[in-house]
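[1] model this:
(2 chains)
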2 protein chains.
Amino acid sequence: MEQLSVGLGDRSYQILITHHGFSGLSEELQRIQFPGKVVIVTNTTVLPLYGSLVSQLLTESGYDVEQIVVEDGESYKNAETLNTIYTRLIELGCDRHSGIIALGGGVVGDMAGYAAATFLRGIPFVQIPTTVLAQVDSSVGGKTAINHPLGKNLIGAFYQPWAVFINVATLETLDQRNVLAGIAEVIKYGVMFDETFFSWLEEHVEPLLSLDTEALAYAVRRSCELKAEVVAADERESSVRAVLNFGHTFGHAVEQLSGYGTVLHGEAVAIGMLVAANVSRLMELCQDSDVERLTRLLEAFGFVTQPPPFSLEDYLAAMGRDKKVHGGILRFIVNVGIGESRIVSLEDPESVFKSVLG
Amino acid sequence: MEQLSVGLGDRSYQILITHHGFSGLSEELQRIQFPGKVVIVTNTTVLPLYGSLVSQLLTESGYDVEQIVVEDGESYKNAETLNTIYTRLIELGCDRHSGIIALGGGVVGDMAGYAAATFLRGIPFVQIPTTVLAQVDSSVGGKTAINHPLGKNLIGAFYQPWAVFINVATLETLDQRNVLAGIAEVIKYGVMFDETFFSWLEEHVEPLLSLDTEALAYAVRRSCELKAEVVAADERESSVRAVLNFGHTFGHAVEQLSGYGTVLHGEAVAIGMLVAANVSRLMELCQDSDVERLTRLLEAFGFVTQPPPFSLEDYLAAMGRDKKVHGGILRFIVNVGIGESRIVSLEDPESVFKSVLG
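    Numbering: from 1, shown residues only, chains lettered A, B, ... in the order given. As a prediction, the model looks like this:
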């Protein structure tokens, strides 16, 4: 089992990465003194795959285990589902000394984490992410949230887990489309922080496409390392953490305009990253060749790279609701070449996106 | 203007106490670099009294001011009202660089504070409490929450304000019943921490009953001092902060069984404190004379001291849902004499309350 540390003072925690199933989980929970009463929050898809297995393992280790099962999908990451989680926690007699385990993808992790952050003003929780997206991004760093009808992730909290337990073997049961969508976030770390990692990805398209466990494990570990560094430097996204939103400002607009769930988050981020790279080129912060490298890599993984044909006005309006807007100016994350990043202020977003979207 | 400090590292803030209206507010907001876009959250009762005045003052100082007005009352401190606040914040174009001012009593402060804690994962906020209860208790310390149909304050967050601005003159427009209800929390500080202050209260029943500004100001300041010390020592209620719940375990049961809003929070706490003092006497942690002193002081302020005639089973069930329960054991806060406190574990709550409630 590999261990990475997220250094956040008294909120520090370990990310554990293994290929060997969930066998080390009980020991890890005992090591971090996780409460004896545990509620596993999962969804209808993950429940039959890993829910019973994890429950059984923990029960055998002496844990008092309960389950809360929610519907699968981004469209359920809302106030209504959250309220059913609260009600069930109360009915189960949970108190401040109960813990939540989020078992599933980004939707389960965000929502169960937010429930843990806000139930009785915060109870312990652990992330067990089962998708690429959740393993490389959403389970690490303490961002929890639900969607509001007017926008994605608008309601949330920064709330760190007590541990993140990543079993890479769970990716074997993930459908190809979701695996690939998660790769978009992996590529993001290369573009933003690490040209060497970007090159490694260019050289490992084939093993990643065929879900080779070792290749996936390396991609997950390197992504978590890079994310952990950024989160440790800026937990609450006052500065450098914002660059993790590369591709997300435009990506969220794509998701919102398409209707949540139609386009997967990673697929929207792939489109958003290329739009951002074109903005970067327009500002002469990267070369044509950098945009071409990114395009080639995304296409090699089968990503659609053309934005859906919504109007410029629709895109601008959708980005205007995005939480990264400040005044009339749009703060926007761009790559600088490949491997570096910058936050820029677009004073006239309309003309920039008109130029970039054609 | 008097200043007290709540020492919480990078989340430290000032409590400002004044009799001189809101004139120093703009300067204070500028001093703490509070955002230029401000949304005042208040209710229909406070709006005509102070809402327009505070809005106008801030507008004249160059602030961009908006208002969100909610219905008055504990029964509106729920997920539905919270959602209307979120929606309005989004419609107003609020972003991470907007701030919320909670102007009102405990309900407004708890709910606006929770909205600030969770909108875009946290935006700046300032408390301007206008009731005794809010000035001496709920505005200080960062406890924010809403109620759930199954219990009070079950959904919430620890989220510190950037400042608390207490204008004692606002108590002049508060009805007598609400002023007195707030005095219950003031008495609590005396019983838990400071016999000298308890004696001062015994000697100042008359001026407090007649709403003498100087007496009220002293009671508010001393209460805030005591609370600030406790919060600084234990922000997240892992230990000593729990003693601030003296009278609240039973008090919440009284509120819940009576139906929220029928009995005021302070009135329920008064009943709860006397029940707790009787538990203390039963455990030989205080004398008959201490219980009599507390009874006399509460009665001097006109509090009902007899619990409403619900059954023992109802009370136990209502306390069983309280968030301070751990396992089958009931953690309970008792006074030790007058001026000291202890957290005890009631292993057989049924027999204790049977004995105390008669």
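[2] from here on, contacts and neighbour counts on C-alpha atoms
    Will do.
[3] from what I can see residue A:243 touches residue A:339, true?
    No: using Cα atoms under 8 Å, residue A:243 is not in contact with residue A:339, being 11.8 Å away.
[4] what's the overlap in contacts for the two?
    residue A:192 (Cα atoms under 8 Å, 6 or more residues apart in numbering or on different chains).
[5] Settle it for me: which of the two has more neighbours?
    residue A:243 (23 against 17; other Cα atoms under 10 Å in any protein chain shown).
[6] quick one, what contacts the more buried one?
    Listed by Cα under 8 Å, 6+ apart, the contact partners of residue A:243 are A:192, A:333, A:334, A:341, A:342, A:343.
[7] Is the closest residue to the last one other than its chain neighbours part of a helix or strand, or is it coil?
    Nearest non-adjacent residue to residue A:343, counting by Cα to Cα, 6 or more residues apart in numbering or on different chains: residue A:333, 4.6 Å away. For residue A:333, the secondary structure call by DSSP: H, G, I helix; E, B strand; the rest coil comes out as strand.
[8] got a list of what residue A:333 touches?
    Residue A:333 makes contact with A:242, A:243, A:245, A:246, A:247, A:276, A:341, A:342, A:343, A:344, according to Cα under 8 Å, 6+ apart.
[9] Tell me which of the residues you listed fall in helices.
    Mapping these onto helices (DSSP state H) picks out residue A:276.
[10] Neighbour-wise, which one of the contacts of residue A:333 leads?
    residue A:246 (29 neighbours).
[11] quick one, phi psi at it?
    Backbone torsions of residue A:246, given as degrees, to the nearest 10, read phi -50, psi 130.
[12] quick one: it and residue A:307, what's the gap?
    Distance of residue A:246 to residue A:307, computed by Cα to Cα, to the nearest Å: 16 Å.
[13] now swap in residue A:88 and tell me
    Residue A:88 is 41 Å from residue A:307, by Cα to Cα.
[14] for residue A:37, same thing?
    Taken as Cα to Cα, the span from residue A:37 to residue A:307 is 47 Å.
[15] now swap in residue A:223 and tell me
    Counting by Cα to Cα, the gap from residue A:223 to residue A:307 is 26 Å.
[16] These two - which one has more neighbours?
    residue A:223 (21 against 16).
[17] which parts of the stretch 151-300 of chain A sit against chain B?
    With Cα under 8 Å from any Cα of the partner chain as the criterion, the stretch 151-300 of chain A meets chain B at residues A:153, A:154, A:155, A:156, A:157, A:158.
[18] got these as CSV, with distance to residue A:329 columns?
    CSV is the format used below for these (distance: Cα to Cα, whole Å):
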residue, distance to residue A:329
A:153, 21
A:154, 19
A:155, 23
A:156, 24
A:157, 25
A:158, 25
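[19] Next, format those as a markdown table and append neighbour count and pLDDT.
    Below are these laid out as a markdown table (neighbours: other Cα atoms under 10 Å in any protein chain shown; pLDDT from 0 to 100):
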| residue | neighbour count | pLDDT |
| --- | --- | --- |
| A:153 | 24 | 92 |
| A:154 | 22 | 96 |
| A:155 | 24 | 98 |
| A:156 | 25 | 98 |
| A:157 | 26 | 98 |
| A:158 | 21 | 97 |
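[20] what helix or strand is residue A:196 on?
    Assessed by DSSP states H and E, residue A:196 sits inside helix A:195-203.
[21] can you count the residues close to whichever residue of the stretch 1-150 of chain A sits closest to chain B?
    Per Cα to the nearest Cα, the residue of the stretch 1-150 of chain A with the smallest distance to chain B is residue A:121, at 4.1 Å. When neighbours are counted by other Cα under 10 Å, residue A:121 registers 20.
[22] and what of the one 3 residues further on?
    Neighbour count for residue A:124, taken as other Cα under 10 Å: 21.
[23] what is the mean pLDDT for the helix holding residue A:196?
    The average pLDDT within helix A:195-203 is 98.
[24] Which stretches in chain A count as strands?
    Assigned by DSSP state E, chain A shows strands spanning A:2-6, A:13-18, A:37-43, A:64-70, A:98-104, A:125-129, A:143-148, A:151-158, A:163-167, A:325-326, A:329-336, A:340-346.
[25] Residue B:58: which of the ones you listed is closest?
    Closest to residue B:58 of the strands of chain A is strand A:325-326 (Cα to Cα; 20.8 Å).
[26] Low-confidence bits of the stretch 201-350 of chain A, can you list those?
    Across the stretch 201-350 of chain A, residues meeting the criterion (pLDDT under 70) sit at A:260, A:321-328.
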